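Peer 1: Starting from these lines, generate the structure:
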Amino acid sequence: MAERVDFWFDPLCPFAWVTSRWILEAEKVRDIEVHWNVMSLGVLNEDKNPAPAEDPEQLSRWIPARTATAVALEHGEDKVGEFYTAAGTEIHNNGNKDFEAATLSALRAAGLDEDLLAEAKTDKNDAEMRASHEKGISLVGQDVGTPIVAFQGTAFFGPVLTRIPRGEDAGVVFDGAVALAQFPYFFELKRSRTESPAFD
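Peer 2: The predicted structure is shown next:
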(Lines give C-alpha, C1' and ligand atoms only; values in the text may rest on other atoms or scores of the structure.)
Protein backbone atom coordinates (compact mmCIF):
# COMPACT_ATOMS: atom_id res chain seq x y z
CA MET A 1 0.00 0.00 0.00
CA ALA A 2 1.34 3.39 -1.00
CA GLU A 3 2.49 5.72 1.75
CA ARG A 4 0.31 8.79 2.20
CA VAL A 5 1.95 12.19 1.74
CA ASP A 6 -0.12 15.28 2.54
CA PHE A 7 0.83 18.48 0.76
CA TRP A 8 -0.45 21.95 1.71
CA PHE A 9 -0.18 24.70 -0.90
CA ASP A 10 -1.33 28.14 -1.94
CA PRO A 11 -1.34 28.36 -5.76
CA LEU A 12 0.38 31.77 -5.55
CA CYS A 13 3.57 30.50 -3.89
CA PRO A 14 6.42 29.83 -6.36
CA PHE A 15 8.31 27.70 -3.85
CA ALA A 16 5.24 25.55 -3.19
CA TRP A 17 4.90 25.18 -6.95
CA VAL A 18 8.45 23.86 -7.35
CA THR A 19 8.06 21.55 -4.35
CA SER A 20 4.72 20.26 -5.64
CA ARG A 21 6.27 19.32 -8.98
CA TRP A 22 9.05 17.53 -7.07
CA ILE A 23 6.62 15.48 -4.97
CA LEU A 24 4.80 14.42 -8.14
CA GLU A 25 8.15 13.35 -9.60
CA ALA A 26 8.89 11.44 -6.38
CA GLU A 27 5.49 9.76 -6.66
CA LYS A 28 6.66 8.20 -9.95
CA VAL A 29 9.71 6.55 -8.37
CA ARG A 30 8.62 5.89 -4.77
CA ASP A 31 5.56 4.08 -3.41
CA ILE A 32 3.77 7.21 -2.23
CA GLU A 33 0.38 8.79 -2.84
CA VAL A 34 0.04 12.58 -2.69
CA HIS A 35 -3.03 14.15 -1.08
CA TRP A 36 -3.64 17.85 -1.77
CA ASN A 37 -4.64 20.34 0.94
CA VAL A 38 -5.23 24.07 0.68
CA MET A 39 -3.28 26.68 2.58
CA SER A 40 -3.85 30.41 2.26
CA LEU A 41 -1.11 33.01 2.23
CA GLY A 42 -3.96 35.50 2.63
CA VAL A 43 -4.96 33.89 5.92
CA LEU A 44 -1.33 33.51 6.99
CA ASN A 45 -0.67 37.23 6.47
CA GLU A 46 -4.10 38.72 7.17
CA ASP A 47 -2.89 40.63 10.23
CA LYS A 48 -0.49 42.54 7.94
CA ASN A 49 -2.82 43.25 5.01
CA PRO A 50 -6.24 44.76 4.33
CA ALA A 51 -9.19 42.36 4.27
CA PRO A 52 -10.03 40.99 0.82
CA ALA A 53 -13.53 42.48 1.03
CA GLU A 54 -11.94 45.92 1.40
CA ASP A 55 -9.07 45.75 -1.07
CA PRO A 56 -9.28 44.57 -4.71
CA GLU A 57 -5.60 43.58 -4.83
CA GLN A 58 -5.92 41.43 -1.72
CA LEU A 59 -9.12 39.90 -3.06
CA SER A 60 -7.28 38.87 -6.23
CA ARG A 61 -4.60 37.18 -4.13
CA TRP A 62 -7.22 35.20 -2.16
CA ILE A 63 -9.04 33.95 -5.27
CA PRO A 64 -6.79 31.00 -6.25
CA ALA A 65 -6.80 29.38 -2.77
CA ARG A 66 -10.49 30.07 -2.34
CA THR A 67 -11.12 28.43 -5.71
CA ALA A 68 -9.01 25.41 -4.78
CA THR A 69 -11.14 25.09 -1.63
CA ALA A 70 -14.35 25.26 -3.66
CA VAL A 71 -12.99 22.59 -6.00
CA ALA A 72 -12.22 20.34 -3.02
CA LEU A 73 -15.70 20.81 -1.58
CA GLU A 74 -17.57 20.26 -4.83
CA HIS A 75 -15.38 17.81 -6.74
CA GLY A 76 -12.98 16.15 -4.32
CA GLU A 77 -9.26 15.91 -3.86
CA ASP A 78 -8.33 14.50 -7.27
CA LYS A 79 -9.74 17.56 -8.98
CA VAL A 80 -7.87 19.80 -6.53
CA GLY A 81 -4.61 18.38 -7.89
CA GLU A 82 -5.75 18.97 -11.47
CA PHE A 83 -6.82 22.52 -10.69
CA TYR A 84 -3.55 23.24 -8.87
CA THR A 85 -1.51 21.96 -11.80
CA ALA A 86 -3.48 24.16 -14.20
CA ALA A 87 -3.37 27.22 -11.92
CA GLY A 88 0.32 26.83 -11.11
CA THR A 89 1.20 26.42 -14.77
CA GLU A 90 -0.71 29.57 -15.65
CA ILE A 91 0.60 31.67 -12.74
CA HIS A 92 4.21 30.49 -12.59
CA ASN A 93 5.22 28.89 -15.88
CA ASN A 94 3.18 31.28 -18.02
CA GLY A 95 3.78 34.28 -15.74
CA ASN A 96 0.12 35.31 -15.53
CA LYS A 97 -0.11 37.57 -12.47
CA ASP A 98 -3.73 38.50 -13.16
CA PHE A 99 -4.84 35.95 -10.58
CA GLU A 100 -8.52 36.15 -11.46
CA ALA A 101 -7.80 35.50 -15.14
CA ALA A 102 -5.31 32.76 -14.26
CA THR A 103 -7.90 31.08 -12.05
CA LEU A 104 -10.50 31.19 -14.81
CA SER A 105 -8.01 29.69 -17.24
CA ALA A 106 -7.20 26.94 -14.73
CA LEU A 107 -10.87 26.10 -14.18
CA ARG A 108 -11.35 25.76 -17.93
CA ALA A 109 -8.20 23.65 -18.32
CA ALA A 110 -9.35 21.30 -15.55
CA GLY A 111 -12.88 21.04 -16.99
CA LEU A 112 -14.44 22.69 -13.94
CA ASP A 113 -17.43 24.99 -13.57
CA GLU A 114 -16.46 28.62 -14.14
CA ASP A 115 -19.03 29.64 -11.52
CA LEU A 116 -16.47 28.60 -8.91
CA LEU A 117 -14.60 31.81 -9.72
CA ALA A 118 -17.60 33.94 -8.71
CA GLU A 119 -17.83 31.88 -5.50
CA ALA A 120 -14.16 32.59 -4.80
CA LYS A 121 -14.82 36.33 -4.81
CA THR A 122 -16.89 35.82 -1.66
CA ASP A 123 -16.12 34.37 1.76
CA LYS A 124 -18.56 31.49 1.22
CA ASN A 125 -15.96 28.76 1.78
CA ASP A 126 -13.52 30.64 3.98
CA ALA A 127 -14.37 28.57 7.06
CA GLU A 128 -13.38 25.39 5.22
CA MET A 129 -10.27 27.03 3.75
CA ARG A 130 -9.22 28.24 7.20
CA ALA A 131 -9.78 24.78 8.66
CA SER A 132 -7.54 23.19 6.02
CA HIS A 133 -4.95 25.93 6.53
CA GLU A 134 -4.99 25.52 10.30
CA LYS A 135 -4.68 21.75 10.03
CA GLY A 136 -1.42 22.18 8.13
CA ILE A 137 -0.10 24.98 10.34
CA SER A 138 -0.93 23.00 13.49
CA LEU A 139 1.57 20.36 12.36
CA VAL A 140 4.52 22.73 11.94
CA GLY A 141 3.85 25.92 13.94
CA GLN A 142 3.00 29.51 13.14
CA ASP A 143 6.39 30.75 11.95
CA VAL A 144 6.33 29.02 8.55
CA GLY A 145 4.56 29.31 5.23
CA THR A 146 3.77 27.11 2.27
CA PRO A 147 4.51 24.39 1.29
CA ILE A 148 3.95 21.96 4.14
CA VAL A 149 4.63 18.28 3.53
CA ALA A 150 3.49 15.61 6.00
CA PHE A 151 4.33 11.90 6.03
CA GLN A 152 5.11 9.14 8.54
CA GLY A 153 3.61 11.16 11.38
CA THR A 154 5.92 14.13 10.80
CA ALA A 155 5.42 17.41 8.93
CA PHE A 156 7.87 19.99 7.66
CA PHE A 157 7.77 23.38 6.03
CA GLY A 158 9.40 22.70 2.68
CA PRO A 159 11.57 21.36 1.32
CA VAL A 160 12.28 24.73 -0.26
CA LEU A 161 13.70 24.03 -3.71
CA THR A 162 14.59 26.33 -6.58
CA ARG A 163 14.75 23.56 -9.18
CA ILE A 164 12.58 20.50 -9.73
CA PRO A 165 14.45 17.24 -9.09
CA ARG A 166 13.29 14.66 -11.61
CA GLY A 167 13.46 10.92 -11.91
CA GLU A 168 15.60 9.16 -9.34
CA ASP A 169 16.92 12.51 -8.08
CA ALA A 170 13.37 13.26 -6.88
CA GLY A 171 13.34 9.93 -5.09
CA VAL A 172 16.69 10.60 -3.42
CA VAL A 173 15.45 13.96 -2.09
CA PHE A 174 12.34 12.22 -0.76
CA ASP A 175 14.46 9.53 0.87
CA GLY A 176 16.47 12.24 2.62
CA ALA A 177 13.31 13.84 3.96
CA VAL A 178 12.08 10.46 5.20
CA ALA A 179 15.42 9.83 6.93
CA LEU A 180 15.21 13.15 8.78
CA ALA A 181 11.57 12.55 9.70
CA GLN A 182 12.59 9.51 11.71
CA PHE A 183 14.21 11.74 14.34
CA PRO A 184 11.62 13.61 16.42
CA TYR A 185 14.26 16.07 17.61
CA PHE A 186 15.16 17.17 14.06
CA PHE A 187 13.56 20.50 13.19
CA GLU A 188 15.38 22.57 10.62
CA LEU A 189 18.12 22.86 8.02
CA LYS A 190 18.45 26.24 6.35
CA ARG A 191 20.71 28.42 4.23
CA SER A 192 20.19 31.67 2.36
CA ARG A 193 18.77 31.29 -1.13
CA THR A 194 21.05 32.51 -3.91
CA GLU A 195 18.66 32.00 -6.84
CA SER A 196 15.00 32.37 -7.72
CA PRO A 197 12.74 29.41 -8.46
CA ALA A 198 12.80 27.95 -11.97
CA PHE A 199 9.83 25.95 -13.21
CA ASP A 200 11.19 24.02 -16.18
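
Peer 1: so where do the helices sit in the protein?
Peer 2: Counting by DSSP state H, residue ranges of the helices within the chain are 14-29, 41-44, 56-75, 77-88, 99-109, 115-120, 126-140, 168-181.

Peer 1: so the fifth one versus helix 56-75, what angle?
Peer 2: Following axes from the mean of the first three to the mean of the last three CA atoms, to 10 degrees, one obtains 20 degrees for the angle between helix 99-109 and helix 56-75.

Peer 1: how about the helices of the chain, which one is nearest Phe151?
Peer 2: Using CB to CB as the criterion, the shortest distance between Phe151 and those is 6.6 Å, found for helix 168-181. The C-beta positions use only the backbone N, C-alpha and C, and glycine is treated the same way.

Peer 1: The closest residue to Pro14 other than its chain neighbours: how many residues sit nearby?
Peer 2: Nearest residue to Pro14, sequence neighbours excluded (CB to CB, 6 or more residues apart in numbering): Pro197, at 4.4 Å. If you count neighbours by other CB atoms under 10 Å, Pro197 ends up with 18.

Peer 1: Ok, Glu82 next?
Peer 2: When neighbours are counted by other CB under 10 Å, Glu82 registers 17.

Peer 1: Can you spell out which helices and strands pack onto the lowest-mean-pLDDT helix or strand in the chain?
Peer 2: Ranked by mean pLDDT, DSSP states H and E, the helix or strand of the chain with the weakest confidence is strand 154-157, at a mean of 92. When contacts are defined as 3 or more CB pairs under 8 Å, 6 or more residues apart in numbering; DSSP states H and E, strand 154-157 packs onto helix 126-140, strand 148-151, helix 168-181.

Peer 1: And the residue nearest to Pro14, how close does it get to Ile23?
Peer 2: Distance from Pro197 to Ile23, counting by CB to CB, to the nearest Å: 15 Å.

Peer 1: Next: Ala198.
Peer 2: As it turns out, when the distance is counted by CB to CB, Ala198 lies 17 Å from Ile23.

Peer 1: Looking at those two, which one has more neighbours?
Peer 2: In this comparison of Ala198 against Ile23, neighbours counted by other CB under 10 Å, the higher total goes to Ile23 at 24 against 12.

Peer 1: Just to check, the more buried one is in contact with Phe151?
Peer 2: No. Counting by CB atoms under 8 Å, no contact exists between Ile23 and Phe151, whose distance comes to 9.7 Å.

Peer 1: For the two, list the residues in contact with both.
Peer 2: Where contact means CB atoms under 8 Å, 6 or more residues apart in numbering, the residues bridging Ile23 and Phe151 through contact with each are Val5, Ile32.

Peer 1: Setting aside sequence neighbours, what's the nearest residue to Arg108?
Peer 2: Once its chain neighbours are removed from consideration, Arg108 has its nearest residue in Glu114; the separation is 6.9 Å (CB to CB, 6+ apart).

Peer 1: my guess is that neighbour contacts Ser105, does it?
Peer 2: No. Contact status for Glu114 versus Ser105: not in contact, 10.2 Å apart, counting by CB under 8 Å.
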